[in-house]
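In: the following comprises the amino acid sequence and a computationally predicted model.
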Amino acid sequence: MDSRPEPWAPVPSEACAGQTNGLCGAAVPGCLFLCTGLSSGKVALTVEVHGTAPPLDDRWEDVVEASFRPLTASTAVLPCGRGALCEWALPAADHRVRYCGRGMDGGAGAASATVRDAGPVGQYLLQFWPAPPTADRVVRQTSRSAAHRHRCARALEPTVPGARTERERAEIRSWGGRLPSRRVREAGADARGLVPLDRELLDAVDAACPATQRGLARWAARRALTAAGLDGVDWIAPALAALDRGEPLPAPFDDPRRAWDRFFTDARTA
């Protein structure tokens, strides 16, 4: 399950590092790694969002809790190798997540092909509610599968002092494997959106001198507006001419809000 801009799945050793439970890995920012009793096949999963902590139903055999903070406005369930099963809006704030399972040992020893062709094996519930971050915990343990997952999580090596944190490693991955300069990182989503397009170009532009960067910005603005057929619009053309001369932008481009308002209210550009 992921709320990051670029979907990516951590391995269990990353997701559960430093945790007590091994069913809901929450060590990687913006991501939850959910384990079931099957290595392949179908399970039934329900997702719920609550305003406060919901009561715990006794029918669930295995229950764990962890803290989670979405990184974007959209959170999705992403099964391995497939697209999102479901998406929902979750505020970018601290949440508590409860992961419940029933019938986790039901698929033990079953052949993968048999499991795939059958109906769901095991039922699972994922619940979210606003809450300050606290340590993860095992609320209830019944199945052998859950016990094994918990033992594996607790055997993971603790974070080495001075080593990169999970949050730092997640940020590095989101930038394509290496961090750009602080100036680029502070530019936020606009700069990060260039990573899947051309990571090398992002670094090259960042390394250029200010005059070259301004020239590239002027070229990109004119190229985009020309390609869209908007370079001749009466209130856009003067701005392009001012860019070419290195002069301050005329109204409405001297105020970003006014410029966007004009853009969305003009029938030629809306």
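Out: Arrived safely.
In: and stretch 203-218, which residues are buried?
Out: D203, V205 (16 or more other C-beta atoms under 10 Å). Yep, even glycine has a C-beta here, placed from its N, CA and C like the rest.
In: so how far does it reach from one end to the other?
Out: From its first residue to its last, stretch 203-218 covers 18 Å (C-alpha to C-alpha, to the nearest Å).
In: quick check: mean pLDDT of that stretch?
Out: Across stretch 203-218, the average pLDDT comes to 87.
In: what's the spacing between that stretch and its chain's center?
Out: Distance of stretch 203-218 from the chain centroid (C-alpha atoms, centre = their mean, to the nearest Å) equals 29 Å.
In: contact partners of it?
Out: Applying C-beta atoms under 8 Å, 6 or more residues apart in numbering, the contact partners of stretch 203-218 are P180, S181, R183, V184, L243, D244.
In: and stretch 244-258, by the same measure?
Out: With C-beta under 8 Å, 6+ apart, stretch 244-258 has contacts from R218, R222, W235, P238, A239, A242, L243, A259, D261, R262.
In: which of the residues you listed has the most neighbours?
Out: A239 (22 neighbours; other C-beta atoms under 10 Å).
In: part of a helix, is that one?
Out: Yes - residue state for A239 (DSSP: H, G, I helix; E, B strand; the rest coil) corresponds to a helix.
In: please report the distance of it from R257.
Out: Remark: distance between A239 and R257 (C-beta to C-beta, to the nearest Å) = 15 Å.
In: just to be sure, T75 is in a helix?
Out: No - judged by three-state DSSP, T75 forms no part of a helix; its state is strand.
In: check it and give its pLDDT.
Out: Listed pLDDT for T75 reads 75.
In: which residues of this protein score low on pLDDT?
Out: 1-12, 39-40, 73-74, 76, 78-84, 107-119, 157-167, 188 (pLDDT under 70).
In: could you redo the last one with a cut-off of 50?
Out: Filtered on pLDDT under 50, the chain yields the residue ranges 6-7, 81, 109-116.
In: regarding it, what is its longest helix?
Out: For the chain, the helix that runs over the most residues, judged by DSSP state H, is helix 210-227.
In: would you map the helices across the stretch 1-150 of the chain?
Out: Assigned by DSSP state H, counting those that start in this stretch, the helices in the stretch 1-150 of the chain fall at 12-15, 112-117, 144-154.
In: who touches the last one?
Out: By C-beta under 8 Å, 6+ apart, the list of residues contacting helix 144-154 from outside reads 12, 16, 19-23, 25, 35, 37, 61-62, 101, 104-105, 108, 138, 141.
In: among these, which are in strands?
Out: G25, D62, G101, V138 (DSSP state E).
In: relative to V47, which of the residues you listed is nearest.
Out: Lowest distance from V47 to the ones in strands among the contacts of helix 144-154 (C-beta to C-beta) belongs to G101, with 13.8 Å.
In: got a ChimeraX select line for the buried ones in the contacts of helix 144-154?
Out: Buried residues among the contacts of helix 144-154 (16+ other C-beta under 10 Å), as a ChimeraX selection:
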select :12,16,19,21,22,23,25,35,37,61,62,101,104,105,138,141
